[in-house]
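J.: task: produce atomic coordinates for the following.
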Amino acid sequence: MPKTKFSWFVVLVLVLGIGLVACAPQAAQETTTQTERAESALSPAAAQPVSNKIVVEVDRNISNVNANSSLAVSRNLDEVSKECISCHQDETPGIVNDWRESRHGHVSVSCLDCHSVEKDAPNATQHASLIGTDVYVSVLVPPSKCAECHPGEADDFAHSGHYRAALQIEGKDAMQTLMFVHEGQNHPEVSGASKATGCNQCHGVRIELDETGAPTPDTWPVAGIGNVYPDGSVGNCTVCHTRHKFDIAEARKPEACASCHLGPDHPDIEIYENSKHGQIYAAEGDTWKWDSAPDAWEPGDYRAPTCATCHMSGIGQLSPTHNVSERLYWNLWAKRSEPRGSEDPMSALTGNAEEGRAKMELVCESCHTERHTAGFFKQGDDAIVLYNESYYDPAKKMLDDLKEKGLLKDNPWDDEFQILFYHLWHHEGRRARQGALMGGPDWAHWHGFFELQQDLYRMQSLYNYRIENNAIETP
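T.: Okay, here's the model as predicted:
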């Protein structure tokens, strides 16, 4: 660069530098003023902002809610719901956090949307903070409330076998006698304890209210799927979609069904674990996609089906359903298995056998060939016929003969023959049938038919003794 041009360049840089330095204090002062104004606007005692300043109110909590949180969750909720959240995030932070992470929380479904009731409702109550208002609430949220937003799911449920879960034991004298007389031993105060802590927690119960409108401790809390609520509605959505998160992913996993479908009489979760489907789930289920939309959860999101996949989920040509009886052919839990053929949800045969089998075949054929599916059901159906004709029918004939001749004890639970008959259909028989049609070979065989033949042989020995001696054997 020529010397003259270089000199002018240096002078220009110096002039610009001096100008910038001179302006810096003024810029700093203006920045400080803007910061002070912003802080002043956020202060509780701040005056109204100047007319040319835009104030944006952020109505979203991006932090976890817990007892130590100072952040409020509002999301355009009404004032009463905000009060609910403000109190409960200190008193029961787990509830608020579940709601905050739920789909309900994301779309501003509030506490009152589910818990509010009419003033004249039998379960209407008011917190101290609500006295003097026209807002009444209840801890109970019946399925009729869920149906206001989910009518299709509620209607499906009302046509399913789950619907009668509590009603069927409520109307059976034998079940009532078992629970209160035999299990409860006619205790003058707590004869219903085994029912409340056992049967009710899966089957459900008719929830009763005290004089304040609150549920009684003998009937609530209760996790049964067939609860009968004070408004008469039946069901309990939170059995599968646990409150207050109501997560679809949770309901799709086999553990959602396992709390009830287990044990000696219907070990469905154990059968699933014994199956190839369950083995794959155990090996890699934590990598599957569980939160797809209800009608978009398809193979690829998972590699093997869960209980929900076969009995409820939308798959292939099938739409999602909350009628768990819709895809079934047999009744596998009855004393004798028969094809389904009733529209009455209170019937043990609710459903349509042929349609149910066709729908379940569509489920299977999403992953298996038609030949594979047909062969599987041929084997399973043969096992049902074997149980019906070679085990239940002979056992029932012997029971009827002994009853006719007066050779049964009045107390069935003190009579070896009657106990064996009960186990034959209610325990071993169910395991054999359910294991056969859900791909659990150990349960179909060792816990099923192997034990069935022992039951039958022992019953035949007892039968022969009583017929020959016209007397019940002594211990």
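J.: check residue 316 and give its pLDDT.
T.: Residue 316 carries a pLDDT value of 89.
J.: my guess is it meets residue 367, correct?
T.: No - counting by C-beta atoms under 8 Å, residue 316 stays clear of residue 367, with 9.8 Å between them. C-betas here are computed from N, CA, C, even on glycine.
J.: neighbour count for these two, which is higher?
T.: A side-by-side neighbour count of residue 316 and residue 367, using other C-beta atoms under 10 Å, places residue 367 first with 16 against 13.
J.: spit out the contact partners of the residue sitting nearest the centre point of the chain.
T.: Centroid-nearest residue in the chain, with C-alpha atoms, centre = their mean: residue 240, separated by 0.7 Å. Taking C-beta atoms under 8 Å, 6 or more residues apart in numbering, we find residue 240 in contact with 225, 250-251, 256-257.
J.: where does the stretch 1-150 of the chain dip in pLDDT?
T.: 1-75 (pLDDT under 70).
J.: name the element residue 134 belongs to?
T.: For residue 134, there is no helix or strand it lies in under DSSP states H and E.
J.: for the closest residue to residue 459 other than its chain neighbours, what is the enclosing helix or strand?
T.: Sequence neighbours aside, residue 420 is the residue nearest to residue 459 in space, at 5.0 Å (criterion: C-beta to C-beta, 6 or more residues apart in numbering). Residue 420 belongs to helix 416-423 when assigned by DSSP H and E.
J.: could you do residue 98 as well?
T.: Going by DSSP H and E, residue 98 is part of helix 93-101.
J.: give me every residue that touches residue 396.
T.: Applying C-beta under 8 Å, 6+ apart, the residues near residue 396 are 335-336, 421.
J.: the host helix or strand of it: how far from the chain's middle?
T.: Element membership for residue 396, per DSSP H and E: helix 393-404. Relative to its chain's centre, helix 393-404 lies at 40 Å (C-alpha atoms, centre = their mean, to the nearest Å).
J.: buried ones in it?
T.: 395, 398-399, 402 (16 or more other C-beta atoms under 10 Å).
J.: alpha carbons of it, as CSV, please.
T.: Presented in CSV, the C-alpha positions along helix 393-404 are these (Å, rounded to 0.1, in the frame of the first residue of the first chain):
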residue,chain,number,x,y,z
ASP,A,393,-68.1,-84.1,31.4
PRO,A,394,-67.1,-87.3,33.4
ALA,A,395,-66.4,-85.2,36.5
LYS,A,396,-69.7,-83.5,36.3
LYS,A,397,-71.6,-86.8,35.9
MET,A,398,-69.9,-88.2,39.0
LEU,A,399,-70.8,-85.0,40.9
ASP,A,400,-74.4,-85.2,39.9
ASP,A,401,-74.6,-88.9,40.8
LEU,A,402,-73.2,-88.3,44.3
LYS,A,403,-75.5,-85.4,44.8
GLU,A,404,-78.5,-87.4,43.8
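J.: could I get the average pLDDT for that helix?
T.: Helix 393-404 comes out at a mean pLDDT of 98.
J.: what angle sits between that helix and helix 416-423?
T.: Interaxial angle of helix 393-404 relative to helix 416-423 (axes from the mean of the first three to the mean of the last three C-alpha atoms, to 10 degrees): 140 degrees.
J.: thought residue 321 was touching residue 312?
T.: Yes - counting by C-beta under 8 Å, residue 321 touches residue 312, with 5.7 Å between them.
J.: one step back: dump the buried residues of helix 393-404 to CSV, plus distance to residue 416.
T.: Output for the buried residues of helix 393-404, formatted as CSV (distance: C-beta to C-beta, whole Å):
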residue, distance to residue 416
395, 13
398, 13
399, 13
402, 12
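J.: helices of the stretch 1-150 of the chain, residue ranges please.
T.: 3-42, 79-91, 93-101, 103-106, 111-115, 143-147 (DSSP state H, counting those that start in this stretch).
J.: care to break the chain down by domain?
T.: According to automatic domain parsing, the chain comprises the domains 79-138, 377-469.
J.: what's near enough to touch the spatially closest residue to residue 407 that is not a sequence neighbour?
T.: In space, and not counting its chain neighbours, residue 407 is closest to residue 466: 4.4 Å by C-beta to C-beta, 6+ apart. Each residue near residue 466 by C-beta under 8 Å, 6+ apart is listed here: 402, 405, 407, 417, 472-473.
J.: can you check residue 407 too?
T.: With C-beta under 8 Å, 6+ apart, residue 407 has these contacts: 466-467, 470-472.
J.: of those residues, which is the most crowded?
T.: residue 466 (20 neighbours).
J.: which secondary structure element contains that residue?
T.: helix 450-469.
J.: and if you look at residue 377?
T.: helix 370-387.
J.: pull out the buried residues from that helix.
T.: 373, 376-377, 380-381, 383-384, 387.
J.: stretch 225-237 now?
T.: Buried, per 16+ other C-beta under 10 Å, within stretch 225-237: 225-231, 233-237.
J.: what does that stretch rub up against?
T.: 121-123, 140, 142-144, 146-147, 150, 153-154, 157-158, 162-167, 170, 202-207, 209, 222-224, 239-240, 246, 260.
J.: average pLDDT for that stretch?
T.: pLDDT averaged over stretch 225-237 gives 97.
J.: count the residues that sit near the spatially closest residue to residue 124 that is not a sequence neighbour.
T.: Leaving out its chain neighbours, the residue that sits closest to residue 124 by C-beta to C-beta, 6+ apart is residue 136, at 4.0 Å. Residues lying near residue 136 (other C-beta under 10 Å) number 20.
J.: strands along the stretch 201-350 of the chain, start to end?
T.: For the stretch 201-350 of the chain, applying DSSP state E, counting those that start in this stretch gives strands covering 341-342.
J.: okay, buried residues for stretch 254-266 please.
T.: Buried-residue list, stretch 254-266, by 16+ other C-beta under 10 Å: 254, 256-258, 260-262, 265-266.
J.: next one: stretch 189-200
T.: Under 16+ other C-beta under 10 Å, the buried positions of stretch 189-200 are 192, 194-196, 199-200.
J.: can you check stretch 417-424 too?
T.: In stretch 417-424, counting by 16+ other C-beta under 10 Å, buried: 417-418, 420-424.
J.: stretch 290-303 too?
T.: Applying 16+ other C-beta under 10 Å to stretch 290-303 flags 290, 292, 297, 302 as buried.
J.: what's the most distant pair in those residues?
T.: Maximum pairwise distance in those, criterion C-beta to C-beta, is 9.5 Å, between 292 and 302.
J.: got the contact list for residue 317?
T.: residue 362.
J.: rerun that using 10 Å as the cut-off
T.: Residue 317 makes contact with 359, 362-363, 365-366, according to C-beta atoms under 10 Å, 6 or more residues apart in numbering.
J.: tell me how far it lies from residue 172.
T.: 38 Å (C-beta to C-beta, to the nearest Å).
J.: would you check that my belief about residue 180 contacting residue 174 is correct?
T.: No - between residue 180 and residue 174 there is no contact under C-beta atoms under 10 Å: 11.5 Å.
J.: looking at the two, which is more packed in?
T.: The neighbour comparison of residue 180 against residue 174 (other C-beta under 10 Å) goes to residue 180, with 17 against 9.
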